[in-house]
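Peer 1: Give me a model of this one.
(chains A, B, C and D)
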2 protein chains.
Amino acid sequence: MKRPTIHDVARAAGISRGTVSRVLNGDRYVSPAARVAIERAIAETGYVVNRNARNLVRQRAGSVVMVLSEPHEKLFEDPNYSTTIRTAIRRLGERDLSLVMMIAGDDRDREQVLRYVRGGHADGVLLMSTHSGDPLVDALHASRLPAVSCGAVIGKESVIPYAACDERGGARQMAEYLVSQGRRRIAMITGPMDTPGGIQRLEGFADVLGRKASQRLIEHGDWTHASGEQAMTRLLERVPDIDAVFCASDVMASGALHTLRQAGRRVPDDVAVGGFDDSSVAISTHPPLTTVRQPLAEVAQETVRLLLELLDGADHVDPVTLPTELIVRASA
Amino acid sequence: MKRPTIHDVARAAGISRGTVSRVLNGDRYVSPAARVAIERAIAETGYVVNRNARNLVRQRAGSVVMVLSEPHEKLFEDPNYSTTIRTAIRRLGERDLSLVMMIAGDDRDREQVLRYVRGGHADGVLLMSTHSGDPLVDALHASRLPAVSCGAVIGKESVIPYAACDERGGARQMAEYLVSQGRRRIAMITGPMDTPGGIQRLEGFADVLGRKASQRLIEHGDWTHASGEQAMTRLLERVPDIDAVFCASDVMASGALHTLRQAGRRVPDDVAVGGFDDSSVAISTHPPLTTVRQPLAEVAQETVRLLLELLDGADHVDPVTLPTELIVRASA
DNA sequence: ACGACGTCTGTGAACGTTCACAGGCTCGTT
DNA sequence: AACGAGCCTGTGAACGTTCACAGACGTCGT
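Peer 2: Next up is the predicted model:
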């Protein structure tokens, strides 16, 4: 009835528990005879190590917490999380680390997260979509726990290492493409200006458009479909003759598309529309979106790799930036 | 430098660790004086309980594992996971349980999950989108660990409790609506026939259409956009004059929409299109999808509630089914 | 023949809790 | 005054590991 312990294995194999522990942990200095006896005993008894006991003496947690920092409602609006979570589970699993999820939407949440990690319940932290100015970042840094972010944390790039796609370069690709297609009045709908995707995609856009990227042609959204619609409406009122709009996310682009159709503009004939992310909505819209693909799986993989290096004792790791890819479909 | 232990708190408060443990766990029979002294000592030392030690003596894990059973590639194609994960984190957090994520895409994964839960590393299991015939279900049941599924597991409804939306009723709502709109040749694109969404949405459809729901008007997809396109193509070849199609997911509906446009059919004038899920793509398509909304958050909440009851010692819980809502937009 | 060294094994202590138990104190009741 | 019934507290043992240490054995070089 009770789960077998290391003692049961030792007894079944006729060997002391010290040696059992050694084979469990792959130590050298174990005789072949002892090894096979123990392995058979493990199989017979169905023994599985008790992590609580192990972690207690090792003073480790055996897990990494992924902190989701979006405000509640918007959480996961972004389909990108999925890939990242999946990748993280896999990579961490290879190292026998489990992934526990937490939310840090408000101060109470953050307090809970902090208690959790300070209490030694996690060996490291994976930050997702943390906004600039989030108090969690400094608190985490102060607690000296290994932490990395998936995507840069604006203003804290030197505090907390990260892996990210080349947001700025990707935006540049799109802007250059729109220009190369002969578009002249190119507007942009950005993301929130406290996120790397918000800031850096605008920077890339401005890199290409130069002073043509005037304030009149810039509107800000919050990644949602509705904000894309509204931003597009404001843009059309202000500059009725724009012939292209670059949206910082596919979801906002789908909103913009909606407004453009309402306004009777044809896409891409009258107005070209560019997105960003290459998420599942990019092929659901009409016309399908020309967009910038992020190497999500690779970003996630690199994020975890950085964390593992920190966990292995590295006292510094360099941020990683991965290239994006322009995906041309019908909308531009 | 070292994290304070319960001994440190006891010393700081001038009280034995037994009493400290009592206030930590909210036992009655602690004098007010002792309580305040200990609470101050806890605050001063910044003490946080060590869960490994606690769980070791309590013989518990302090966590619940959420098992994602999709094959790798399709994992998370469904935006629905997001809500469920978020809800589960919250509800479990209230009970001081953490949520750890695992994937069970192939046999190796399943083996890992089994080892993990059998090893006592989790107090309960939350199954997501488990297909019928998944060996994990019986293995889990045999190990007598509390487990519930979010959405029914086909063929195992009596083995593993679940909370789900009324798939069949929702499909019926949509079918009735299409009929009420005067549609006469109504086709359906189902999901995979080893999932509740695949089977029961078809059943609901057949409930309404009766023998009119002939095989000629049924095609099967696998939830993806591409499968929606292909199924729609086959449908149009076989029955060129259909005037409505009910897709078992919004994503497949967006694929169908694409094919219909290619074929020159107007939506909804020539062909009405209905979806299911009310996911983010439902408002990204053109025209926006008339669809069936699932009460995702409630389903997740109920799923967790059932698990908590099991964790609290209930030896049986009844499955829960929640009503859906028809959302009428422009596509039908 | 001897010591040194490498290989292998067993043992005791420690990790930080909780829990059962025993006992002390303070009332109110007889 | 004695007793019992709550209330409150401290102590020791246990949970299942790992790790350092000590020691046994064999081999090899001198």
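Peer 1: Please, where are all the helices along chain A?
Peer 2: Using DSSP state H, the helices of chain A run over A:6-13, A:17-24, A:32-45, A:51-58, A:80-94, A:107-118, A:135-142, A:167-180, A:196-209, A:225-238, A:250-262, A:296-311.
Peer 1: tell me the most buried of these?
Peer 2: helix A:250-262 (a mean of 26; mean count of other C-beta atoms under 10 Å in any protein chain shown). Any C-beta I mention is one placed from the backbone N, CA and C, and that applies to glycine too.
Peer 1: Show me what that one is packed up against.
Peer 2: Contacting helix A:250-262 under the criterion 3 or more C-beta pairs under 8 Å, 6 or more residues apart in numbering or on different chains; DSSP states H and E are the following elements: strand A:186-190, helix A:225-238, strand A:244-247, strand A:272-274.
Peer 1: and it, average pLDDT?
Peer 2: Across helix A:250-262, the average pLDDT comes to 95.
Peer 1: So which bits of the stretch 101-250 of chain A are right by chain B?
Peer 2: Residues of the stretch 101-250 of chain A found near chain B (C-beta under 8 Å from any C-beta of the partner chain) are A:101, A:102, A:103, A:112, A:115, A:116, A:118, A:119, A:120, A:121, A:225.
Peer 1: Return the set of residues that bridge with the second one.
Peer 2: Here residue A:102 shows beta-bridge partners residue A:67, assigned using DSSP bridges.
Peer 1: ok, how many other residues are close to it?
Peer 2: Look at residue A:102: counted by other C-beta atoms under 10 Å in any protein chain shown, it has 21 neighbours.
Peer 1: got the contact list for it?
Peer 2: Residues near residue A:102 by C-beta atoms under 8 Å, 6 or more residues apart in numbering or on different chains: A:65, A:66, A:67, A:68, A:109, A:112, A:113, A:116, B:89, B:93, B:98.
Peer 1: re earlier: TSV for the residues of the stretch 101-250 of chain A next to chain B, including pLDDT and distance to residue B:46?
Peer 2: Below are those laid out as TSV (pLDDT from 0 to 100; distance: C-beta to C-beta, whole Å):
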residue	pLDDT	distance to residue B:46
A:101	93	25
A:102	92	20
A:103	88	23
A:112	86	15
A:115	85	10
A:116	87	14
A:118	83	7
A:119	80	10
A:120	83	12
A:121	88	15
A:225	92	44
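Peer 1: ok, so of the residues you listed, who is nearest DNA strand D?
Peer 2: Using C-beta to the nearest atom of the strand, residue A:120 comes nearest to DNA strand D of those, at 14.7 Å.
Peer 1: returning to that earlier point: I'd like the helices of chain A as CSV, with distance to residue A:126 appended.
Peer 2: Shown next, in CSV, are the helices of chain A (distance: least, C-beta to C-beta, whole Å):
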stretch, distance to residue A:126
helix A:6-13, 32
helix A:17-24, 28
helix A:32-45, 32
helix A:51-58, 19
helix A:80-94, 6
helix A:107-118, 11
helix A:135-142, 11
helix A:167-180, 19
helix A:196-209, 16
helix A:225-238, 27
helix A:250-262, 23
helix A:296-311, 6
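Peer 1: For these, give me a markdown table that also has distance to DNA strand D.
Peer 2: Below are the helices of chain A laid out as a markdown table (distance: least, C-beta to the nearest atom of the strand, whole Å):
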| stretch | distance to DNA strand D |
| --- | --- |
| helix A:6-13 | 3 |
| helix A:17-24 | 3 |
| helix A:32-45 | 10 |
| helix A:51-58 | 3 |
| helix A:80-94 | 18 |
| helix A:107-118 | 21 |
| helix A:135-142 | 26 |
| helix A:167-180 | 41 |
| helix A:196-209 | 39 |
| helix A:225-238 | 50 |
| helix A:250-262 | 47 |
| helix A:296-311 | 15 |
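Peer 1: burial of the nearest residue to residue A:170 once chain neighbours are set aside, as a residue count?
Peer 2: Leaving aside its chain neighbours, residue A:170 sits nearest to residue A:324 (3.4 Å; criterion: C-beta to C-beta, 6 or more residues apart in numbering or on different chains). Around residue A:324 there are 25 other residues, counting by other C-beta under 10 Å.
Peer 1: try residue A:284
Peer 2: For residue A:284, using other C-beta under 10 Å, the count is 29.
Peer 1: doesn't residue B:251 make contact with it?
Peer 2: Yes: applying C-beta atoms under 8 Å, one finds residue A:284 in contact with residue B:251, separated by 7.2 Å.
Peer 1: hey, what's in contact with both of those two?
Peer 2: Common neighbours of residue A:284 and residue B:251, counting by C-beta under 8 Å, 6+ apart, are B:225, B:281.
Peer 1: ok so, going back, relative to residue B:258, which of the contacts of residue A:102 is nearest.
Peer 2: If you rank the contacts of residue A:102 by distance to residue B:258 using C-beta to C-beta, residue A:68 comes first, at 32.3 Å.
Peer 1: per-residue pLDDT, the closest one?
Peer 2: Listed pLDDT for residue A:68 reads 87.
Peer 1: show me the contacts for it.
Peer 2: Contact partners of residue A:68, counting by C-beta under 8 Å, 6+ apart, are A:75, A:76, A:81, A:101, A:102, A:103, A:104, A:105, A:128, A:129, B:86.
Peer 1: where does the stretch 201-332 of chain A dip in pLDDT?
Peer 2: Scanning the stretch 201-332 of chain A for pLDDT under 70 picks out nothing.
Peer 1: Please work out which residue of it is closest to DNA strand C.
Peer 2: Using C-beta to the nearest atom of the strand, the closest approach of the stretch 201-332 of chain A to DNA strand C is made by residue A:311 at 19.5 Å.
Peer 1: again, but for the stretch 151-300 of chain A
Peer 2: residue A:160 (27.2 Å).
Peer 1: Next one, pLDDT for the one residue in the stretch 51-200 of chain A that gets nearest to DNA strand C please.
Peer 2: Proximity of the stretch 51-200 of chain A to DNA strand C (C-beta to the nearest atom of the strand) peaks at residue A:57, 3.5 Å away. Note on residue A:57: pLDDT of 94.
Peer 1: same thing with residue A:105?
Peer 2: With respect to pLDDT, residue A:105 scores 82.
Peer 1: Next one: it relative to residue A:17, how far apart?
Peer 2: 46 Å (C-beta to C-beta, to the nearest Å).
Peer 1: swap in residue A:257?
Peer 2: From residue A:257 across to residue A:17, the span is 66 Å (C-beta to C-beta).
Peer 1: how about low-confidence regions in the stretch 1-150 of chain A?
Peer 2: Residues of the stretch 1-150 of chain A meeting the criterion pLDDT under 70: A:1, A:70-80.
Peer 1: Go through the contacts of residue A:102 and say which is closest to residue A:6.
Peer 2: Checking the contacts of residue A:102 against residue A:6 with C-beta to C-beta, the nearest one is residue B:98 at 25.4 Å.
Peer 1: I'd assumed residue B:91 was in contact with the closest one.
Peer 2: No: using C-beta under 8 Å, residue B:98 makes no contact with residue B:91, being 11.9 Å away.
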